[in-house]
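Engineer: One predicted model, sequence on top.
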There are 2 protein chains.
Amino acid sequence: MEQCSTALEKLVKIGIALSSVRDLNKLLDIIVTQARELANCDAGSLYIKDGDSLKFVVSQNDTLARKLGASQQAEPFKPFNIPISNKSLSGYVANNGVIVNIPDAYDIPESAEYHFDKSFDQRSGYRTRSMIQLPMKDNEGGIIGVLQLINAMDSVGQVIPFSSDDEEMLLSMASQAAVAIKNARLNDDIREAHLDTIFRLGIAAEYRDKETGNHIRRMSHYSTIIAEQMGMPAERVEVIRLSSPMHDIGKVGIPDGILLKPGRLTPEERVIMESHTTIGAGILKDSNIPLLQLSQKIALSHHEKWDGTGYPDRVKGGDIPIEGRIVALADVFDALSNKRVYKEAMSIQETMGIIKDGSGSHFDPAVVGAFEKGMDRVMEIYEQYKEL
Amino acid sequence: MEQCSTALEKLVKIGIALSSVRDLNKLLDIIVTQARELANCDAGSLYIKDGDSLKFVVSQNDTLARKLGASQQAEPFKPFNIPISNKSLSGYVANNGVIVNIPDAYDIPESAEYHFDKSFDQRSGYRTRSMIQLPMKDNEGGIIGVLQLINAMDSVGQVIPFSSDDEEMLLSMASQAAVAIKNARLNDDIREAHLDTIFRLGIAAEYRDKETGNHIRRMSHYSTIIAEQMGMPAERVEVIRLSSPMHDIGKVGIPDGILLKPGRLTPEERVIMESHTTIGAGILKDSNIPLLQLSQKIALSHHEKWDGTGYPDRVKGGDIPIEGRIVALADVFDALSNKRVYKEAMSIQETMGIIKDGSGSHFDPAVVGAFEKGMDRVMEIYEQYKEL
């Protein structure tokens, strides 16, 4: 009884810990770690329901990790799908919503509806003995996934079967985990929806320019790479990633006659063209949302120059918001290095020459440095979203 | 011990239940209900930390509810703020992050740093005796709020002090609640950010039209009211609310010479103007996000007419997506009943005359009916976001 209430206390703490993790991949890993600790066992895996199948997403195995060393794995972990049906053990558990608790995986009665697949053991040399598989049910009874634990151990490290106490505890934990996963996924969905909306409307903003969605994507990626290379914290990088696509939203306010003029702009036309920065800031102003506050700053400042010769406010050096300095470089790099309706693409070498020439005059030297450091990833993005 | 482990089991279930609630207001209510059940007490309240103060957000009192009947309350519940300082009891709890457990609120030692405010008892005739106040700490130890419970009862309904077992259980529960509140708030933040982005960019889409943000707001509200009056489930209504602001996004593709032409359009110009529906659908196409899929449908179909004489596809009756039919009415009502740069506002009576005349030809009669049923709320929105 004493033991039971200690385990329950642990369970309450695990519940709190799991609901605190908002990143899905991190959460999945923590679920397996905590479950293995709760049941004191050697290995564990997690399957997530994905339509009609289970996706194998986490695998932990102490014995194999020790044997192989931390630096290498027997086979690199690859997520794979198995159908939800009675053919596989985990499929059976998900299909019927029941626990399967097996003292020895190599000794499953002929009469059982499920079978153990020895192929992993054969490839790795591991010996699976005791095994428990639990359905992860959310608060409405829906199956979210399957938790699989292998080789429970006694206090001296001998493999023993999973007990009925284990069953009860783990089933509770599986429910906590199911709700946490469901929440993390819903969060991902909202975030995805937000991201997609931002991109669509970034594209709309550049529609008359005949810019493609790829310009918005490249810009956002380049800005992200620079922010990361400058050592910004992940959260701030994410805000830059999401707010940079709206930098040219003010172009919706520029008349066709100027925005689409093929030749050189007159000084008067240039003044109107440059007002896309202040128009954009006007559209985005007075928001309570940090993301939109930053979008506003970027819309306003992405044509300022390090030496104070930019527009609209001729702000100089460190007085230009750092995000504006970052987007300024990403924007120029992208404009030069890609084909547009009215011009051919410049080579990367030529483009980088211009960027480096502009370091300290047009661009913040620290931003140029960070961009150069991230050049490998810049080139990946460049290739992936190239204008054809 | 038996009792303790039963309570712990309950606690695990409560944890799962709390993390499953994504609506903040509902969650706050459930927290107080569950805490009162766990400690078997007569009354409970919840304070949420809001900057430097505590916001009083939930109040439950069985005795007063019985006395006054379900239909009336002594005083209508109004959220109010109290500063986080040692002056008030809950302020003290939040300020110091400690539990306060008082056998009798009217008998607090002179030496105590905190004081009980009798004003509520004096107004309501209630007698507060035993009281426990707990800090709600999240997983990182941050104070999210304060949970206050009043008049614990024994099995025959006699008021007794809160026990040290109660303290322990409630403290665990307060942590579960704190994390759940934190999550619900983060969700609200993302949702808010998404909503604000949609509105800003809806505004950008109508920028050249000189439409204001109020047009977007009214449209979204009118569409929501109609959807609700048609008995759609809350989730679907929410998606309509968020997707309707993007209905005219395709206008970014219409040349100034046509979009801004003051006089009548020629037939050729009209064809181009009408293409804002297909351009919008093009900008929003191929999304995996349900919200954007619906936005695309609305962008494409909000100028179709019930009798098949609309554009771009001359779709008819029930073949027009219901959301397109809803936005069609909201859009026409708003265009007629408000002042625009080039025209005066029509009266509500006149506008409704046109809408009703169009029922069965321009508009879906069911949508017109729902709009008429929601007229009170329509008028509230109309007044709130009127063009001045």
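Structural biologist: That came through fine.

Engineer: can you tell me if the single longest helix found in chain A touches chain B.
Structural biologist: If you go by DSSP state H, chain A has its longest helix at helix A:164-205. Yes - among the residues of helix A:164-205, A:172, A:175-176, A:179-180, A:182-183, A:186-187, A:189-194, A:196-198, A:200-201, A:203-205 lie within reach of chain B under C-beta under 8 Å from any C-beta of the partner chain. No exception for glycine: its C-beta is placed from N, CA and C like everyone else's.

Engineer: are any of these buried, and which?
Structural biologist: Neighbour-count burial (16 or more other C-beta atoms under 10 Å in any protein chain shown) is assigned, among the residues of helix A:164-205 next to chain B, to A:172, A:175-176, A:179-180, A:182-183, A:187, A:190-191, A:193-194, A:196-198, A:200-201, A:203-205.

Engineer: if I look at residue A:263, how far off is residue A:269?
Structural biologist: When distances are taken as C-beta to C-beta, to the nearest Å, residue A:263 and residue A:269 turn out to be 10 Å apart.

Engineer: And for stretch A:253-261, what's in contact with it?
Structural biologist: Counting by C-beta atoms under 8 Å, 6 or more residues apart in numbering or on different chains, the neighbours of stretch A:253-261 from elsewhere in the structure are A:208-209, A:251, A:265, A:269, A:272-273, A:275-276, A:279, A:283, B:207-208, B:255-257.

Engineer: So which of those are in helices?
Structural biologist: Per DSSP H, the subset of those in helices is A:269, A:272-273, A:276, A:279, A:283, B:256-257.

Engineer: residues touching residue A:11, list them.
Structural biologist: A:38, A:169, A:172-173, A:176, B:8, B:12 are the contacts of residue A:11 under C-beta under 8 Å, 6+ apart.

Engineer: repeat that with 10 Å
Structural biologist: Contact criterion C-beta atoms under 10 Å, 6 or more residues apart in numbering or on different chains gives A:34, A:38, A:168-170, A:172-173, A:176, B:8-9, B:11-12, B:15 as the residues in contact with residue A:11.

Engineer: of the residues you listed, closest to residue A:140?
Structural biologist: residue A:176 (14.5 Å; C-beta to C-beta).

Engineer: That closest one against residue B:15, yeah?
Structural biologist: Yes - shown here, residue A:176 and residue B:15 form a contact pair, counting by C-beta atoms under 10 Å, at 6.5 Å.

Engineer: which residues are common contacts for the two?
Structural biologist: Contact criterion C-beta under 10 Å, 6+ apart; residues bridging residue A:176 and residue B:15 by contacting each: A:11-12, A:14-16, A:18-19.

Engineer: Mind picking the two most distant members of these?
Structural biologist: For the shared contacts of residue A:176 and residue B:15, and using C-beta to C-beta, no pair is farther apart than A:11 and A:19, which are 12.8 Å apart.

Engineer: Mind listing the shared neighbours of these two?
Structural biologist: A shared contact of residue A:11 and residue A:19, defined by C-beta under 10 Å, 6+ apart, is any residue touching both; here these are A:176, B:15.

Engineer: re the thing from before, give me the lowest-pLDDT entry from the contacts of residue A:11.
Structural biologist: The member of the contacts of residue A:11 with the lowest pLDDT is residue B:8, at 80.

Engineer: Moving C-terminal from the helix or strand harbouring that residue, which element do we reach first?
Structural biologist: Secondary-structure assignment from DSSP states H and E places residue B:8 in helix B:2-20. Per DSSP H and E, helix B:2-20 leads on to helix B:24-39 as the next helix or strand towards the C-terminus.

Engineer: how many degrees apart are that next one and helix B:2-20 in direction?
Structural biologist: Calculated by axes from the mean of the first three to the mean of the last three C-alpha atoms, to 10 degrees, helix B:24-39 forms an angle of 180 degrees with helix B:2-20.

Engineer: Quick one: distance of helix B:24-39 to the chain centre.
Structural biologist: Its chain's average C-alpha position is 19 Å from that of helix B:24-39, according to C-alpha atoms, centre = their mean, to the nearest Å.

Engineer: So that helix, near chain A or not?
Structural biologist: No - with C-beta under 10 Å from any C-beta of the partner chain as the measure, helix B:24-39 is seen stopping short of chain A, the closest distance being 12.0 Å.

Engineer: Only the buried residues of that helix, if you could.
Structural biologist: Of the residues in helix B:24-39, B:24, B:27-32, B:34-36, B:38-39 count as buried by neighbour count, 16+ other C-beta under 10 Å.

Engineer: I'd like to know which of the contacts of stretch A:253-261 are buried.
Structural biologist: When burial is judged by neighbour count using 16+ other C-beta under 10 Å, the buried members of those are A:208, A:251, A:269, A:272-273, A:275-276, A:279, A:283, B:207-208, B:255-256.

Engineer: from those residues, which single one is nearest residue A:354?
Structural biologist: Closest to residue A:354 out of those is residue A:273 (20.9 Å), distances taken as C-beta to C-beta.

Engineer: Lowest-scoring secondary structure element of chain A by mean pLDDT?
Structural biologist: Sorting the helices and strands of chain A by mean pLDDT, DSSP states H and E puts helix A:2-20 at the bottom, at a mean of 81.

Engineer: ok and that helix relative to helix B:164-205, angle-wise?
Structural biologist: Angle of helix A:2-20 versus helix B:164-205, following the same axes, to 10 degrees, is 20 degrees.

Engineer: Tell me which residue of the stretch 151-300 of chain A lies closest to chain B.
Structural biologist: Closest to chain B within the stretch 151-300 of chain A is residue A:201: 3.7 Å, counting by C-beta to the nearest C-beta.

Engineer: Nothing else from me, thank you.
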